[in-house]
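*Asks:* kindly return the folded structure for what I paste below:
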Amino acid sequence: MFRPRSFIVAFAAAAFAGPAARAQGQHYHVVKTIDIGVARADYIIIDPIGRRLYGLGDKVIDVDKDTIVGTVAGGGGGYAIDHEDNRGLVRNGTLFDLTTLAVTGHLDIKGDGSRYDPVTHRAFVWVGKDGWVVDMRTGKLISKTMIGDGLESAAADGRGKLYAAIEDKGGLEQFDTQTLKIEKTWGVSGCGRAQGLTMDTQTRRVFMACDTEVVVINADNGGVVSRIRVPSRADMNCFDPTTKLVFNPNRADSTLSVIHEDSPSKFTVVEKVPQGGGARTCAVDENTHKVYVFYTQGNPRQGGKLQLAVLAP
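*Replies:* Now for the predicted structure:
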């Protein structure tokens with residue numbers, strides 16, 4: 001069939017459009033809201049293999065159907081997920097089976113932040129100066145040791161390092177998951193309080209949520225690569241390695257900032273979209289590219305209900 005030259009040019013332009021152009025055409029929006037009920041939540045996390053989301057109190061969400069599929073008895077916000085060993089750990093020490101969700105044990109742990117490291121098969125939990133290291137292959141506590149002082153969110157780089165936000169100091173820490181040693185700390189001027197942290201492990205870029213900026217940091221030398229203005233800091237931001245999009249939930253104005261990593265040194269704000277409520281924590285599904293945020297509808301002290309909003313392009 002004959003195609004006019006204008007059609008061929010337009011088709012070629014669409015086929016070879018860069019990632020930034022494709023990202024700008026996505027336009028995230030709320031596609032579903034799930035009523036979780038009266039519950040407390042903090043950090044949420046997606047198991048991309050088991051296709052479940054954890055951290056909304058004891059509720060577990062199927063991220064393909066976006067429905068509640070079960071509970072982890074005694075569960076709460078903050079999970080470490082080791083799908084290879086079919087084991088999950090809640091930051092309060094509860095161990096459970098990822099397939100059945102049955103509780104399999106309990107460790108003497110009561111932390112705030114948590115992260116699983118796939119290199120060592122270890123889970124790390126921390127609060128203040130206290131830290132716990134768990135062997136996820138056995139479900140046993142390896143040691144109680146200081147992972148950092150006043151850490152908030154963290155990300156594993158897949159090479160045996162954890163990068164964590166030092167909240168009060170507005171800085172970044174590098175921690176070795178094998179030697180259990182703090183290797184480096186970097187201050188970030190003008191950050192204020194550092195909370196959310198996510199990472200592009202391919203380009204070695206850390207995205208840290210500061211007071212009114214997402215600060216992009218080179219993980220290898222601690223240098224600031226870029227600063228992106230946002231309405232407010234996130235407790236936890238998230239990154240989609242396929243689309244190269246960084247998401248920062250802004251509690252201050254109930255929006256979600258969407259930032260594209262054009263290159264390791266260039267970042268573009270794609271859009272800022274309503275997220276339905278004052279959410280400050282997010283998780284992204286790398287398969288469907290859906291983003292999940294939660295907020296409380298009504299006063300939490302007077303029976304306000306937890307809502308999970310699902311945003312999709």
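
*Asks:* so where is this protein shaky, pLDDT-wise?
*Replies:* 1-26, 300 (pLDDT under 70).

*Asks:* which residues touch the nearest residue to Arg193 once chain neighbours are set aside?
*Replies:* Using CB to CB, 6 or more residues apart in numbering and skipping residues adjacent in sequence, the residue nearest Arg193 is Glu167, 5.5 Å away. Every C-beta, even on glycine, is put in place using the N, C-alpha and C of the backbone. Residues in contact with Glu167 (CB atoms under 8 Å, 6 or more residues apart in numbering) are 150-152, 193-195.

*Asks:* out of the residues you listed, which end up buried?
*Replies:* Among those, those buried by neighbour count (16 or more other CB atoms under 10 Å) are 150-152, 193-195.

*Asks:* identify the farthest-apart pair in the residues you listed.
*Replies:* Maximum pairwise distance among the buried ones among the contacts of Glu167 (CB to CB): 12.3 Å, between Leu151 and Arg193.

*Asks:* which SSE is the closest residue to Asp62 other than its chain neighbours in?
*Replies:* Excluding the flanking residues, the one nearest Asp62 by CB to CB, 6+ apart is Val69, at 4.4 Å. Taking DSSP states H and E as the definition, one finds Val69 inside strand 67-71.

*Asks:* for that strand, name the packing helices and strands.
*Replies:* strand 29-37, strand 59-62 (3 or more CB pairs under 8 Å, 6 or more residues apart in numbering; DSSP states H and E).

*Asks:* against Gly276, how distant is the residue nearest in space to the middle of the chain?
*Replies:* Note on the chain: the residue nearest the mean C-alpha position is Cys238, at 4.1 Å, using CA atoms, centre = their mean. Separation of Cys238 from Gly276 (CB to CB, to the nearest Å) stands at 17 Å.

*Asks:* where exactly do the helices run in this structure?
*Replies:* Using DSSP state H, the helices of the chain run over residues 5-15, 19-24.

*Asks:* what's the neighbour count on Gly190?
*Replies:* Residues contacting Gly190 under the criterion other CB atoms under 10 Å number 12.

*Asks:* which residue packs closest to Lys169, ignoring adjacent ones?
*Replies:* Distances taken as CB to CB, 6+ apart place Gly187 nearest to Lys169, at 6.7 Å, with adjacent residues excluded.

*Asks:* was I right about that neighbour contacting Ala194?
*Replies:* No - here Gly187 lies out of contact with Ala194, judged by CB atoms under 8 Å, at a distance of 10.0 Å.

*Asks:* which residues are common contacts for the two?
*Replies:* By CB under 8 Å, 6+ apart, Gly187 and Ala194 have these common neighbours: 169-171.

*Asks:* what about those residues, which are in strands?
*Replies:* Assignment to strands by DSSP state E places the following of the shared contacts of Gly187 and Ala194 there: Gly171.

*Asks:* present the shared contacts of Gly187 and Ala194 as a markdown table; the columns should include distance to Ser254 and neighbour count.
*Replies:* Formatted as a markdown table, the shared contacts of Gly187 and Ala194 follow (distance: CB to CB, whole Å; neighbours: other CB atoms under 10 Å):
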| residue | distance to Ser254 | neighbour count |
| --- | --- | --- |
| Lys169 | 29 | 16 |
| Gly170 | 25 | 20 |
| Gly171 | 29 | 21 |
